[in-house]
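Visitor: Below: sequence and its predicted model.
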Amino acid sequence: MKFSKDALARLSTGNFFARYHHYLIGLVISTFLAGFLSDIALGYVIAAASFTTALSLIVMPRIFYRSGTRRILVLFGIIEMVISIGLALARSAPVAGILFAIQSMCAYNIFLGLDLLLEARTVDEQKTGHARGIFLALANLSVLAASFSLSFILTDHNFSDVFLIAAAAIVPFTMFAASFPAVSRVPGSHVTFHHTFREIRQRTSLMPTMLAHFLLLLFFAWEIYYLPLYLYEHVGFSWKDTGFLFGISILPYIFLEFPIGVLADNYFGEKEIALFGFLIMALGIACFAFIGTPDYVAWIAVVLVANLGGAMVEVSTETHFFKRVAVTDADLVSSFRMLRPIAAIVAPLIASAALYFLPFSEIFVLFGLLLLFGVPFTISMRDLR
């Protein structure tokens, strides 16, 4: 099945609005919840919400298949709108925590459904890079748009305004979802956890790549949940500056991932790119601990450095993985998708445990040291050149 230009445009536009909605909430949720919880308890709440999301991702492909992906996406869009309004009205920790868990679960399953639709419509094509390239570009642009939007929306803990705008942003997605192309089958909808685990054990050479990618996803989780909280509550930045810093942090992914991919294909290889990426990323995030004042230039520098490393690792690990698997390896692709919610469970648990012993600023040094485990993982990756 191939996409018409109109179908791809509707799917891609819906993807942008869904992610813009999600990142508006994601960039402020830790600071919002910190108004009800301690920094340590915050990590446990995020981990619990991510655990719920991970469980849902195991069963949702079958539900998409049986009930219709388009119908389920519309339902999730309506739920997301209601939950966002609920967050705007939440005034207690239990209510806010439960609503966040539901919102996270619905959002990740929206992304899963969009990805399954894209797969189903491109599974018979020899080249799927164009469609997936558009999806990745719009995902990055949505983070950029959400970050800069927060600079103008959020002033002094007026999180309700953010959640209401997020509720409005999901409406276009829901309307587009109602017109998404129907599919006759959804790849990966019958994959079981047991079968996936058995396949990974048989393809042990993929483990270093998956572990390296998992570390990258830990970095993303630490950055989105703990950096805004640190910048606003501890360093003293305004939300306007915090939003701009996050907008700047996404620039390497927008402008450098394609040339990095070209370099990996033609000159250096994925292993070398990932190796240097981990060193740069670890150095950058560790430096967060040593800038305790709102020095805008210094923060721009370290944020760009850390995310340059992130862009290098993202391109190299994803390219290396998808070069090693075929479109029929739905179980392996499914396990690769599952790394993100698993990382969202592990990352806050590590942070909460560290906060028992370390001041907030020094957890970024720990994060940097843990990212150095990516060096042996990348060295162990099979050389494809």
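Guide: Arrived safely, thanks for sending.

Visitor: contacting residues for the residue nearest to Phe148 when sequence neighbours are not counted?
Guide: For Phe148, the nearest residue in space outside its immediate sequence neighbours is Gly247; the separation is 4.7 Å by CB to CB, 6 or more residues apart in numbering. (Each C-beta comes from the backbone N, C-alpha and C, glycine too.) With contacts taken as CB atoms under 8 Å, 6 or more residues apart in numbering, Gly247 has the following neighbours: Leu144, Ser147, Phe148, Ser151.

Visitor: Looking at the residues you listed, which is nearest Ala311?
Guide: Nearest to Ala311 among the contacts of Gly247: Leu144, at 13.5 Å, using CB to CB.

Visitor: didn't the closest one look like it was pressed against Ile254?
Guide: Yes: counting by CB atoms under 8 Å, Leu144 touches Ile254, with 6.8 Å between them.

Visitor: if we can go back for a sec, can you tell me which helix or strand the residue nearest to Phe148 belongs to?
Guide: With secondary structure defined by DSSP states H and E, Gly247 is part of helix 239-249.

Visitor: cool, and Ile72?
Guide: Using DSSP H and E, the secondary-structure element containing Ile72 is helix 69-89.

Visitor: ok, now Leu215?
Guide: Using DSSP H and E, Leu215 maps to helix 207-229.

Visitor: so what are the domain limits for the protein?
Guide: 1-177, 191-385 (automatic domain parsing).

Visitor: Could you dump the ones you listed into TSV and include mean pLDDT?
Guide: Shown next, in TSV, are the domains of the chain (pLDDT from 0 to 100):
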stretch	mean pLDDT
domain 1-177	85
domain 191-385	86
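
Visitor: before we move on, back to that, next, the angle helix 69-89 makes with the helix or strand following the helix holding Ile72.
Guide: Sequence-wise, the next helix or strand downstream of helix 69-89 (DSSP H and E) is helix 93-122. Here helix 93-122 points in a direction 160 degrees away from that of helix 69-89 (axes from the mean of the first three to the mean of the last three CA atoms, to 10 degrees).

Visitor: For helix 93-122, name the packing helices and strands.
Guide: Helix 93-122 makes packing contacts with helix 5-34, helix 39-67, helix 69-89, helix 129-153, helix 330-355 when contacts are defined by 3 or more CB pairs under 8 Å, 6 or more residues apart in numbering; DSSP states H and E.

Visitor: Rebuild those helices as JSON lines, extending it with mean neighbour count.
Guide: What follows is the helices and strands packed on helix 93-122, written out as JSON lines (neighbours: other CB atoms under 10 Å):
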{"stretch": "helix 5-34", "mean neighbour count": "21"}
{"stretch": "helix 39-67", "mean neighbour count": "19"}
{"stretch": "helix 69-89", "mean neighbour count": "20"}
{"stretch": "helix 129-153", "mean neighbour count": "18"}
{"stretch": "helix 330-355", "mean neighbour count": "20"}
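
Visitor: Nearest to Glu362 among those helices would be which one?
Guide: Across the helices and strands packed on helix 93-122, Glu362 has its closest neighbour in helix 330-355 (8.0 Å, CB to CB).

Visitor: what packs against that closest one?
Guide: When contacts are defined as 3+ CB pairs under 8 Å, 6+ apart, helix 330-355 packs onto helix 39-67, helix 93-122, helix 193-202, helix 207-229, helix 363-371.

Visitor: Would you pull up how far that helix lies from the middle of the chain?
Guide: Its chain's C-alpha centre and that of helix 330-355 lie 10 Å apart, by CA atoms, centre = their mean, to the nearest Å.
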